[in-house]
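> Show me the folded form of this:
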Amino acid sequence: MISDSAVLDPRTAQHATNTESFHEVYGLMELLRLADGLPDEYRPDFYKVLDRLTECFERRQRMLGYLQDSLNQMSLDLKYLIFDLEATRRERDECRYLLEMNDRG
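Model (predicted):
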């Protein structure tokens, strides 16, 4: 089932922090109440489907989290690369200037 880690609901942009709020956000609490009215032979299948739905949601949220982490890391790496490029250009320009001064003088 849903872990205690924060889960983002894309439709409402609200965080769900546990199984209960996940079910409330998606209206699954009502489905669970309706399931209590199902004949006993149908309940296990219903709960299996609900568990698969919950697992798919968790998996999707984990993948989105991994993707967000990767994008954040890539953004940081890009900032470092830009910083290094600018520093290298400054060093190049300084070396050029020193060489020109050396040639003139």
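> only C-alpha atoms for contact and neighbour calcs from this point on.
OK.
> how near is Asp69 to Leu81?
Distance, Asp69 to Leu81, using Cα to Cα, to the nearest Å: 18 Å.
> Just want the most central residue of the chain.
Nearest to the mean C-alpha position of the chain, by Cα atoms, centre = their mean, lies Gly65 at 2.2 Å.
> any idea which element it lies in?
Per DSSP states H and E: Gly65 is located in helix 43-104.
> Would you quantify the distance from Arg43 to Asp36?
According to Cα to Cα, Arg43 stands 8 Å off from Asp36.
> Have a look at these two and say which one is more surrounded.
Per other Cα atoms under 10 Å, whichever of Arg43 and Asp36 has more neighbours is Arg43, with 15 against 10.
> I'd like to know the predicted local confidence at that one, please.
pLDDT for Arg43: 89.
> looking at the protein, which helix or strand is least sure?
The weakest-scoring helix or strand in the chain, judged by mean pLDDT, DSSP states H and E, is strand 7-9 (a mean of 42).
> re earlier: now the helix holding Gly65, how far from the centre of its chain.
13 Å (Cα atoms, centre = their mean, to the nearest Å).
> Quick one: list the elements packing against that helix.
Where contact means 3 or more Cα pairs under 8 Å, 6 or more residues apart in numbering; DSSP states H and E, helix 43-104 is not packed against any helix or strand.
> Based on its surroundings, how many neighbours for Leu50?
By the measure other Cα under 10 Å, the count of residues near Leu50 is 16.
> Next: Tyr42.
That count, for Tyr42 with other Cα under 10 Å as the rule, works out to 11.
> Dihedrals phi and psi, it?
The phi/psi pair for Tyr42 (degrees, to the nearest 10) reads phi -100, psi -20.
> how close does it get to Glu30?
Taken as Cα to Cα, the span from Tyr42 to Glu30 is 17 Å.
> That concludes my questions; thank you for your assistance.
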